[in-house]
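**Student:** Below are the sequence and a predicted model; questions follow.
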Amino acid sequence: MLEAQHQLVVGSPDLVGTTFPSLFVSHGAPNLVFEDAPAHHFLKQLGTQVGRPSAILVISAHWATACPTVSAASQPETIHDFSAFTPELYQLRYPAAGAPDLAERVVNLLVTSGIEAELDPSRGLDHGAWNPLLLMYPDAEIPVTQLSLQPRLGPAHHLAIGQALAPLRHEGVLMLASGSLTHNLWELEANRSNAQAPVWASEFVDWITAAATDHKLEQLLNYRQLAPHAERNHPTEEHLLPLFVAIGAGNLGVKTRLLHSSFTYGSLSMAAYAFA
């Protein structure tokens, strides 16, 4: 079992270069940017370890559409898609330029693979995007665009999206899938950010990690039937689906790595993985 608050620090030189791994990160609560937590410190150093891409494509759990949609905004706004947090959070901005050319490339790759896709001319960056980016690349000098999810279409659909977009990794683009490895908001220890992780959450994280690092794709695709406490950890699927995009874009093989594992508010996993 993974210990709560345990973290594995990225330091491998093969994370650095013009070919980037696809990453899955758990973005946590919006106030992670202010918290003295293991996941905060992990994300603060992750950008340095990965290197500077020419552009970033974020796949966030907080944007759902009927078909895959990419933001073509030239200057995406910072969306504060949450409520009842500290006022300082609503003052934060992530003023990165958009990436309209990358957005068009994403649509072309998806359509070529037989996946219907479209552009949104004005979509901004929700906290699933700007929360980790503010820690990873705080200078906001790298162009960013965002790709939506289709929560009703399940893991296999999102794996196919990742597979279609895999060429981007060799074009200087960082694919950042942002969700949460566990996400049951009804069972959080809301006033105890350092509460011990319950067994039902840690066992699920262990199962996903073992399946990913042992290259068991079919098990992962059928996690809802096979993983322990799957529905308790994900009453709805949207926060785990970015993981499948990252898997599809990367390579579920010998370079699959758990980069970080900790918990916050008891059952909220902050696990992160690289697929290269």
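**Tutor:** That came through fine. Keep in mind that what you see is a predicted model, and the values were worked out from it rather than measured.
**Student:** CA atoms for contacts and neighbours, from now on please.
**Tutor:** Will do.
**Student:** pull the longest strand from the protein.
**Tutor:** Counting residues, the longest strand found in the chain (DSSP state E) is strand 55-64.
**Student:** Okay, now the sheet partners of it, with direction.
**Tutor:** Strand pairing for strand 55-64, determined by DSSP bridges: strand 144-149 (parallel), strand 173-179 (parallel).
**Student:** quick one, which of those is nearest to N251?
**Tutor:** strand 173-179 (13.0 Å; C-alpha to C-alpha).
**Student:** Could you check how far the closest residue to P228 other than its chain neighbours is from P95?
**Tutor:** Leaving out its chain neighbours, the residue that sits closest to P228 by C-alpha to C-alpha, 6 or more residues apart in numbering is F204, at 5.5 Å. To P95, F204 is 36 Å away according to C-alpha to C-alpha, to the nearest Å.
**Student:** Which residue is the nearest non-sequential neighbour of V106?
**Tutor:** Excluding its sequence neighbours, the residue lying closest to V106 (C-alpha to C-alpha, 6+ apart) is L165, at 6.7 Å.
**Student:** how about the helices in this protein?
**Tutor:** 38-50, 100-112, 127-136, 154-165, 199-213, 217-221, 223-226, 230-233, 241-249 (DSSP state H).
**Student:** Return the most buried member of the ones you listed.
**Tutor:** helix 241-249 (a mean of 29; mean count of other C-alpha atoms under 10 Å).
**Student:** Can you show me the CA trace of that helix as PDB?
**Tutor:** Extracted in PDB, the C-alpha atoms of helix 241-249 (Å, rounded to 0.1, in the frame of the first residue of the first chain):
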ATOM      1  CA  LEU A 241     -10.800   9.900 -18.100                       C
ATOM      2  CA  PRO A 242      -7.800  12.200 -18.700                       C
ATOM      3  CA  LEU A 243      -5.600   9.300 -17.600                       C
ATOM      4  CA  PHE A 244      -6.700   7.300 -20.600                       C
ATOM      5  CA  VAL A 245      -5.800  10.200 -23.000                       C
ATOM      6  CA  ALA A 246      -2.400  10.300 -21.400                       C
ATOM      7  CA  ILE A 247      -2.000   6.500 -21.800                       C
ATOM      8  CA  GLY A 248      -3.100   6.600 -25.400                       C
ATOM      9  CA  ALA A 249      -0.700   9.400 -26.300                       C
END
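**Student:** just to revisit the earlier point, which one of the helices of the chain lies closest to H80?
**Tutor:** Evaluated over the helices of the chain, closeness to H80 peaks at helix 127-136, with 6.5 Å, by C-alpha to C-alpha.
**Student:** Out of the strands paired with strand 55-64, which gets nearest to D126?
**Tutor:** Closest approach to D126 among these (C-alpha to C-alpha): strand 144-149, 8.9 Å.
**Student:** relative to helix 100-112, how tilted is the closest one?
**Tutor:** Per axes from the mean of the first three to the mean of the last three C-alpha atoms, to 10 degrees, the angle that strand 144-149 makes with helix 100-112 is 30 degrees.
**Student:** Can you pull out the residues in contact with strand 144-149?
**Tutor:** Contact with strand 144-149 is made by 55-65, 67-73, 76, 96-100, 102-103, 124-125, 129, 158, 238, 241-242, as judged by C-alpha atoms under 8 Å, 6 or more residues apart in numbering.
**Student:** ok, now which ones touch R52?
**Tutor:** Contact analysis of R52 by C-alpha under 8 Å, 6+ apart lists I142.
**Student:** Over to G128?
**Tutor:** Here G128 is in contact with H27, S60, A61, H62, S178, G179 (criterion: C-alpha under 8 Å, 6+ apart).
**Student:** if we go to 6 Å?
**Tutor:** G128 sits next to S60, S178 when contact means C-alpha atoms under 6 Å, 6 or more residues apart in numbering.
**Student:** about what we covered before: pLDDT averaged over the longest strand of the chain - what is it?
**Tutor:** Average pLDDT, strand 55-64: 97.
**Student:** Can you give the distance from it to the centre of its chain?
**Tutor:** Chain-centre distance of strand 55-64: 8 Å, with C-alpha atoms, centre = their mean, to the nearest Å.
**Student:** i'd like the first residue to be 41 from this point on
**Tutor:** Right, with 41 as the first residue, what we last looked at is strand 95-104.
**Student:** CA atoms of it as PDB?
**Tutor:** Output of strand 95-104 as PDB, limited to C-alpha atoms (Å, rounded to 0.1, in the frame of the first residue of the first chain):
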ATOM      1  CA  ALA A  95       3.200  24.500 -26.600                       C
ATOM      2  CA  ILE A  96       1.000  22.700 -24.100                       C
ATOM      3  CA  LEU A  97      -2.200  20.800 -24.700                       C
ATOM      4  CA  VAL A  98      -4.200  20.400 -21.500                       C
ATOM      5  CA  ILE A  99      -6.900  17.700 -21.300                       C
ATOM      6  CA  SER A 100      -8.900  18.900 -18.200                       C
ATOM      7  CA  ALA A 101     -11.700  17.000 -16.300                       C
ATOM      8  CA  HIS A 102     -13.500  20.400 -16.100                       C
ATOM      9  CA  TRP A 103     -14.500  20.800 -19.700                       C
ATOM     10  CA  ALA A 104     -17.100  18.400 -21.200                       C
END
